[in-house]
Every structure is written in C-alpha cells, then in structure tokens.
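Undergrad: Return atomic coordinates for the entry below.
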Amino acid sequence: MNTFGSRTVTVLKPQRGWFHLKFRDLWRYRELLGFLMWRDIKVRYKQTVFGVAWAVLQPLGLMVVFAIFFGKLIKVPSQGFPYPVFAYTALVPWTYLSTAVTGASESLIASTNLVTKVYFPRIVVPLASALSFLCDFLIALALTAGLMIWYGIPPTFRMLALIPFTFLAIVLAGMLGSWLSALNAKYRDIRYAIPFLLQVWLFASPVAYPATVVPRSWQIAYAMNPAVGIIEGFRWALIGVPLGSLWVLFGSITSTCVISVFGLVYFGRVDRTLADLI
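TA: Numbers count the residues shown, from 1 in each chain. Here you go, the predicted model:
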C-alpha cells in the first residue's frame with residue numbers, strides 16, 4: 001500500500017508458495033458469499049414451470065426407476081427395508097453431491113465478468129454455488145419424512161447424526177467443486193468429462209445397492225470413495241440400516257480431507273492467474 005498526497009493506492013500482487021488462500025478474507029466477504037448463493041438460487045428457478053419442485057422430482061424420479069429395475073427386476077438386496085425408501089435415503093445426499101459439484105465446477109466460467117473486474121477471494125464463487133444447492137437438498141430431505149411414515153418407519157434420535165454427515169457432504173461438494181472449477185478454468189475440456197465421471201461415481205457408490213455386496217477384500221479400497229460413508233451414514237441415521245465397518249466412515253473422512261487439501265492448494269495456484277485464464 002502506497003500513499004501519494006491524500007490518495008491511497010493499494011497494489012494487489014499474486015503471492016508465491018504452495019498455499020496462499022486467506023481464510024480471513026472469506027469471513028470478510030461473507031456477505032458476498034450469501035449474495036451469490038441467493039443469486040444462484042433465483043437464477044436456477046427463474047421462469048421454470050415447476051420451480052423448487054425440481055428439487056424433489058429428480059431424486060423421486062430416480063427412486064422410481066431404481067425401484068423398478070433394481071428392486072423389482074434385478075431384486076437387489078435392501079437389507080430388509082422397502083427398496084424405494086432404501087434407494088431414496090441414498091439419492092438425497094447423492095443428488096446434492098452431484099448437482100453441487102456440477103454447479104460449482106461451472107461457476108467460475110459463468111462468473112467471468114465478475115471475476116475479471118473486481119478483487120475478492122475467487123473461491124467464494126464455487127463455494128456459493130455448492131452451498132446454494134442446500135435449498136434443494138433440504139426440500140428433498142423433507143420428503144423422506146413422508147416416505148418413512150408411508151412405510152411405517154418411526155423416527156429416532158439417530159437422525160441427529162444427519163448434522164455431521166450433512167456437514168461432511170457440504171465440505172466434499174465445496175472442495176471438490178472448487179478443485180474442478182479451477183481445472184475447468186484452465187482446461188475447458190474438463191466440463192465434458194465431469195458428467196461421465198459423475199455417472200461412474202454414481203455406480204461406484206452404494207446408491208442402488210448396499211455396501212455389503214462389495215467383496216470383503218475390496219472393502220478398504222471401496223471405503224476410500226468419500227461418498228460411501230456419507231450415503232451409508234444417511235441410511236443409518238434415517239431408517240436404521242447398519243452402518244457396517246468403521247472403515248467406511250474413516251475412509252470418507254480421510255478422502256474428504258485429502259480432496260480438500262489438494263483442492264485448496266490447486267485452486268490457490270490457479271487463482272494467481274485466474275483473470276488471465278478466463
């Protein structure tokens with residue numbers, strides 16, 4: 001910062017090193033984070049016929065498809081629970097993860113005019129996009145109560161565990177989305193790979209089937225999929241499906257932490273030249 005007479009000029013320079021994101025700046029720009037979240041929610045449902053009902057239609061439609069093909073035709077085991085509610089309790093967190101990661105990965109490109117004109121912590125953009133899908137998540141989660149009543153599954157104190165599992169899902173979606181948004185800003189063909197990778201991730205996660213069908217010799221490697229612990233945790237908290245090995249939870253927490261560190265480091269490196277890349 002230099003002072004010339006009565007004028008103060010602030011010079012912003014990219015910092016060197018592996019990690020230079022300032023979490024203090026995120027707190028300073030918290031109002032911008034909230035504004036961008038609200039903007040994304042309004043834009044997503046502007047001029048739509050069904051509005052926020054789309055938050056329910058997507059997991060509900062997939063539940064019907066899964067119930068027909070996996071539940072009725074293939075007869076995938078559902079650990080003693082009705083297959084529709086078994087699938088839906090997994091589709092709620094999965095839908096949030098997939099939509100939040102997709103939205104966050106496209107957010108920097110969609111906000112080119114904002115990113116190139118004013119200074120602010122650019123990671124606010126993908127984080128706001130990922131957090132904006134919490135609105136859809138909460139609406140879809142509310143429908144779970146109706147399904148549980150329909151199938152006679154009583155609520156229990158296990159539902160309090162939804163708080164940490166939801167937090168883990170938010171961190172995973174935000175950090176993975178931020179990482180992919182930086183990659184997408186640098187390599188535009190990433191946007192074409194993301195839908196395919198999400199499809200692979202869907203079937204590599206216990207959404208349509210229980211994690212118990214995975215061979216015991218693969219359990220540790222399978223648990224490193226960060227979505228496994230989140231989905232199994234939601235099923236356990238909502239309807240009481242056994243959580244299984246602690247490796248599932250430990251693997252999800254560990255892999256989420258690894259993704260967060262690598263995501264923040266890579267975003268910080270790309271952030272130094274982001275205005276020029278976009």
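
Undergrad: Let's see the pLDDT reported for the spatially closest residue to residue 222 that is not a sequence neighbour.
TA: The spatially closest residue to residue 222, leaving aside those adjacent along the chain, is residue 214, at 4.9 Å (C-beta to C-beta, 6 or more residues apart in numbering). Every residue, glycine included, has its C-beta placed from N, CA and C. Predicted confidence (pLDDT) for residue 214: 87.

Undergrad: and what of residue 79?
TA: pLDDT for residue 79: 88.

Undergrad: Can you report how many residues neighbour residue 158?
TA: 14 (other C-beta atoms under 10 Å).

Undergrad: would it count as being in a helix?
TA: Yes - counting by DSSP: H, G, I helix; E, B strand; the rest coil, residue 158 is part of a helix.

Undergrad: Contact partners for it?
TA: Remark: with contacts taken as C-beta atoms under 8 Å, 6 or more residues apart in numbering, residue 158 is in contact with 236, 237, 238, 240.

Undergrad: Pull out the buried members of those residues.
TA: Listed as buried from the contacts of residue 158 are 236, 237, 238; burial here means 16 or more other C-beta atoms under 10 Å.

Undergrad: Which one of the contacts of residue 158 is nearest to residue 267?
TA: Distance ranking of the contacts of residue 158 against residue 267, using C-beta to C-beta, places residue 237 first at 31.1 Å.

Undergrad: element containing that closest one?
TA: helix 226-239 (DSSP states H and E).

Undergrad: That helix - contacts with which helices or strands?
TA: helix 83-110, helix 134-150, helix 162-186, helix 246-271 (3 or more C-beta pairs under 8 Å, 6 or more residues apart in numbering; DSSP states H and E).

Undergrad: which element follows the third one toward the C-terminus?
TA: This means helix 162-186. Taking DSSP H and E, what comes next after helix 162-186 is helix 190-203.

Undergrad: Let's test this: mean pLDDT of the helix or strand following that next one, rounded?
TA: Later in the chain than helix 190-203, the nearest helix or strand by DSSP H and E is helix 219-223. Helix 219-223 carries an average pLDDT of 86.

Undergrad: Counting by contacts, list what helix 219-223 packs against.
TA: With contacts defined as 3+ C-beta pairs under 8 Å, 6+ apart, the packing partners of helix 219-223 are helix 246-271.

Undergrad: Quick check: buried residues in the helix it packs on?
TA: Across helix 246-271, burial judged by 16+ other C-beta under 10 Å covers 247-249, 251-253, 255-256, 259-260, 263-271.

Undergrad: elements contacting that helix?
TA: Identification of packing neighbours for helix 246-271 by 3+ C-beta pairs under 8 Å, 6+ apart yields helix 162-186, helix 219-223, helix 226-239.

Undergrad: relative orientation of it and helix 162-186 in degrees?
TA: Helix 246-271 runs at 40 degrees relative to helix 162-186, counting by axes from the mean of the first three to the mean of the last three C-alpha atoms, to 10 degrees.

Undergrad: got the helices and strands packed on helix 226-239 as CSV, with distance to residue 56 and mean pLDDT columns?
TA: Output for the helices and strands packed on helix 226-239, formatted as CSV (distance: least, C-beta to C-beta, whole Å; pLDDT from 0 to 100):
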stretch, distance to residue 56, mean pLDDT
helix 83-110, 10, 94
helix 134-150, 5, 91
helix 162-186, 17, 94
helix 246-271, 26, 88
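
Undergrad: how about these, which one is nearest residue 74?
TA: Between the helices and strands packed on helix 226-239, helix 83-110 lies closest to residue 74; by C-beta to C-beta that is 10.3 Å.

Undergrad: after that closest one, next one along is what?
TA: Helices and strands here follow DSSP H and E; after helix 83-110, the next one along the chain is helix 112-117.

Undergrad: Flag every buried residue along that following helix.
TA: By 16+ other C-beta under 10 Å, the buried positions in helix 112-117 come out as residue 115.

Undergrad: which non-adjacent residue is nearest residue 143?
TA: Spatial nearest neighbour of residue 143, excluding adjacent residues (C-beta to C-beta, 6+ apart): residue 56 at 5.4 Å.

Undergrad: And the residue nearest the centre of this protein?
TA: The residue lying closest to the centre of the chain (C-alpha atoms, centre = their mean) is residue 173, at 2.6 Å.

Undergrad: Cool, thanks, talk later.
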